[in-house]
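Visitor: With the input below, show me the fold.
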Amino acid sequence: MPMISRRATLALPLLLPGAGAGMARAAEAWPNRPVSLVVPWAAGGSNDVVARLMAPHLSEKLGQSFVVENRTGGGGTVGMGAVVRARPDGYTLLISSASNHVFNQFVITDQGYDPRRALDGICMLNDVPNALAVSNALGVNTVQELVARALREPGLGFASSGVGSSNHLAGELFRLLTKTDLTHVPYRGGGPAIADLISNNIPIGFLNLPTLLPPAEDGLFKILGVGSAERVSVRPNIPTIAEQGVPGYSVRSWTGLFAPHGMAREDVERLSAACREVLALPAVKRKLDELASVAIWSDPAETDAFIRAEFDKWGPIVHAAGVKRE
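Guide: Predicted structure coming up:
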């Protein structure tokens, strides 16, 4: 039998049927390097908090670092656009919200892409309820009283965290459903808006419940209702706006996880399943409760369907309200 050289022996695995393909698949298995979670908002916001809550647990479950990267600007368009243009290899993902994912498409003239086609849903993560608050000086205690006051005094101002934000659209939907004449007063974030509610410089605010709770519980202003379809489990004493005479009122300030269109389906499914496991962890559930937030995991197909439904719902509302961002 002829002698086989050492070089030939080392090459044998490459000659075996399927060996090369198997080794290539192993080398390419996702994830095999750090994954970037792009948050298109500043650090400390609700989307950023959720991203940083999820990241270490995803790292543990999937064996690679998940790194939160804040890319701010343009009302969420800078970070979102960066993910849309990224390779669909699973290493650049988007932590997205209703404001940048849906509302921006209607209030900005042309973004150059449609999120329903440019991004694939991985899963929904959580829901942050919007809430309606009023200054103590306004002298109303229920939504019905506010509507009556607004009908008597057209032009009352309502604060939001910015044009095209979920808070802004929450106010516009309220205005349309109650047929009141309210004036939108945009702020650069929830903090300044809350300061003016406390000082009675603005009578009404539509803002995220977690930011409203501490000052409201100190008696600095009143929360009249939450914008969710059902009462929030961590504050069941606060009624919904819908149950106080505004049927059909529901605004969701959600957070979801998305990938550039074309990410391998098996990797999308694997990541979605890992997120579901993370959201079920007791420590994660406790943190979400502290944020007055609710986990709303859904699978990739359900996530894409949810986004399409959000577009169908909000397009006519934004059009009717005439909302535009300069």
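Visitor: For Asn70, give me its contacts.
Guide: Neighbour list for Asn70: 39, 41-43, 48, 79 [criterion: Cβ atoms under 8 Å, 6 or more residues apart in numbering]. Quick note: C-beta positions are derived from backbone N, CA and C, even for glycine.
Visitor: where's Pro214, which helix or strand?
Guide: helix 209-217 (DSSP states H and E).
Visitor: Now the element after that helix, going C-ward?
Guide: Per DSSP H and E, the first helix or strand lying C-terminal to helix 209-217 is strand 221-226.
Visitor: In its sheet, which strands sit next to the very next helix or strand once past that following strand, and in what direction?
Guide: Using DSSP H and E, the helix or strand that follows strand 221-226 in sequence is strand 252-260. Strands that pair with strand 252-260, judged by DSSP bridges, come out as strand 92-97 (antiparallel), strand 119-135 (antiparallel).
Visitor: And Glu302, how close does it get to Gly121?
Guide: 8 Å (Cβ to Cβ, to the nearest Å).
Visitor: swap in Ala133?
Guide: Ala133 is 32 Å from Gly121, where distance means Cβ to Cβ.
Visitor: give me every residue that touches Pro302.
Guide: Small correction: residue 302 is Glu, not Pro. Counting by Cβ under 8 Å, 6+ apart, Glu302 has contacts 121, 124.
Visitor: Backbone dihedrals for it, please?
Guide: phi -70, psi -40 (degrees, to the nearest 10).
Visitor: Please identify the helix or strand for Thr303.
Guide: helix 300-321.
Visitor: before we move on, back to that, most neighbours among the contacts of Asn70, which one is it?
Guide: Val39 (25 neighbours; other Cβ atoms under 10 Å).
Visitor: That one pairs with what?
Guide: Asn70.
Visitor: And it, how far from Leu93?
Guide: Plainly put, Val39 is 10 Å away from Leu93 if you go by Cβ to Cβ.
Visitor: do Ser298 as well
Guide: From Ser298 across to Leu93, the span is 16 Å (Cβ to Cβ).
Visitor: who's more crowded, those two?
Guide: Neighbour comparison, Ser298 and Leu93: the larger count goes to Leu93, with 24 against 19 (by other Cβ under 10 Å).
Visitor: so who does the more buried one touch?
Guide: Leu93 sits next to 35-38, 83, 122, 257-259 when contact means Cβ under 8 Å, 6+ apart.
Visitor: Return the set of buried residues in stretch 281-290.
Guide: Going by neighbour count (16 or more other Cβ atoms under 10 Å), the buried part of stretch 281-290 is 284, 288.
Visitor: Quick one: mean pLDDT over it.
Guide: Regarding stretch 281-290, the rounded mean pLDDT is 92.
Visitor: got it, and stretch 176-183?
Guide: On average, the pLDDT along stretch 176-183 is 96.
Visitor: Same check on stretch 233-242?
Guide: Mean predicted confidence for stretch 233-242 is 93.
Visitor: got JSON lines for the strands paired with strand 252-260, with distance to Asp196 and mean pLDDT too?
Guide: Output for these, formatted as JSON lines (distance: least, Cβ to Cβ, whole Å; pLDDT from 0 to 100):
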{"stretch": "strand 92-97", "distance to Asp196": "23", "mean pLDDT": "96"}
{"stretch": "strand 119-135", "distance to Asp196": "8", "mean pLDDT": "95"}
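Visitor: mind listing what Arg252 touches?
Guide: Going by Cβ under 8 Å, 6+ apart, Arg252 touches 98, 127, 129, 166, 227-228, 310.
Visitor: Read off the pLDDT value for it.
Guide: What the model reports for Arg252 is a pLDDT of 80.
Visitor: again, but for Tyr187
Guide: On the pLDDT scale, Tyr187 gets 87.
Visitor: Quickly find the element holding the closest residue to it other than its chain neighbours.
Guide: Leaving aside its chain neighbours, Tyr187 sits nearest to Ala193 (4.1 Å; criterion: Cβ to Cβ, 6 or more residues apart in numbering). Here Ala193, judged by DSSP H and E, is contained in helix 190-198.
Visitor: Quick check: beta-bridge partners of Phe66?
Guide: Assessed by DSSP bridges, Phe66 has beta-bridge partners Val35.
Visitor: Make 605 the first number, not 1, from now on.
Guide: With the count now opening at 605, the last piece we talked about shows up as Phe670.
Visitor: Distance-wise, check it relative to Arg637.
Guide: Applying Cβ to Cβ, the value for Phe670 to Arg637 is 11 Å.
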